[in-house]
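S.K.: Build me a model:
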Amino acid sequence: MRDMNRSGLFVGLLVSAAMAMFANGYVAAQGQRASAPITIQKQGSFAVGGKVLGAEATSLHCDHGYVEYQIPVNPRRINLVMWHSAAATAWMNRWDGGEGYQSIFLRRGYPVYIWDGPHVGRANWGCTEHTYQPATGRDQGNFTAWRFGAQYPDWFEGVQFPTKDPEAWNQASRARYLEFDTVENAQLQSDAAAKLMDRIGPKPVGGTFGPSPCG
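M.R.: Take a look at the predicted model:
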């Protein structure tokens, strides 16, 4: 709770593990047409949190998070932080190529921050060792973990996934990062995310929006 209280109210935090993969942008955009251009006033990315091992002459920057952001013209005062448990792609588009949550909420005027926590995706340089062992069957394990069906390839009725599109399943199967599901890593993730919330915060009345160039 200490980190949540310190995090600038965790503004607009969207934490969705299975649901990001399950629904993945199938909410229809309202207000602006999906075909209309999205006008962005600022975009970029930065690392946040983490630590430095060693000394100035021989060091390693590690255990940080990474965020990619887009801020639309005339933004709302609420930042949306989209935090995945699979891959950033889950927020960026539907598996059949349709518009995802990132674009849907940008159209509605929300600044969108897509977050990779420490050791994940674009923030994978950690301060501790790890090994990776490829294993067949993980695709099928994902199928059941994402509640697509009880056993691959028997889809549940009504699943909001393009079940007849083999390329959509190919894209979903490739959108995976290594995960480190331990108590220690959960603390590492929350610590870095709290630093992100401190940095972006809510938009002050009459102030500027987005990350400070000085961090």
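
S.K.: Tell me the secondary structure at residue 36.
M.R.: Three-state call for residue 36 (DSSP: H, G, I helix; E, B strand; the rest coil): coil.

S.K.: ok now do it, which residues does it touch?
M.R.: Neighbouring residues of residue 36 by Cβ atoms under 8 Å, 6 or more residues apart in numbering: residue 107. Using the backbone N, CA and C atoms, a C-beta is placed for each residue, glycine as well.

S.K.: what about the longest helix in the protein?
M.R.: helix 183-200 (DSSP state H).

S.K.: which helices and strands does it pack with?
M.R.: Using 3 or more Cβ pairs under 8 Å, 6 or more residues apart in numbering; DSSP states H and E as the contact definition, the elements that helix 183-200 packs against are helix 2-5, strand 40-55, strand 58-72, strand 80-83, strand 112-116.

S.K.: for the record, mean pLDDT for it?
M.R.: On average, the pLDDT along helix 183-200 is 94.

S.K.: Any chance of TSV for the helices and strands packed on helix 183-200, columns mean neighbour count?
M.R.: TSV is the format used below for the helices and strands packed on helix 183-200 (neighbours: other Cβ atoms under 10 Å):
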stretch	mean neighbour count
helix 2-5	12
strand 40-55	15
strand 58-72	19
strand 80-83	22
strand 112-116	25
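
S.K.: Mind telling me which of those the model trusts least?
M.R.: Looking at those, the lowest mean pLDDT belongs to helix 2-5 (a mean of 38).

S.K.: Which of the helices or strands spans residue 161?
M.R.: In this structure, residue 161 sits in neither a helix nor a strand according to DSSP states H and E.

S.K.: ditto for residue 141
M.R.: Assigned by DSSP H and E, residue 141 belongs to helix 138-145.

S.K.: Next, the buried residues of that helix.
M.R.: For helix 138-145, the neighbour count (16 or more other Cβ atoms under 10 Å) marks 142-143 as buried.

S.K.: Check which helices and strands whatever helix or strand comes next after it sits against.
M.R.: Elements were assigned by DSSP H and E; along the chain past helix 138-145, the next helix or strand is helix 166-174. In this structure, helix 166-174 packs against helix 138-145, with contacts taken as 3+ Cβ pairs under 8 Å, 6+ apart.
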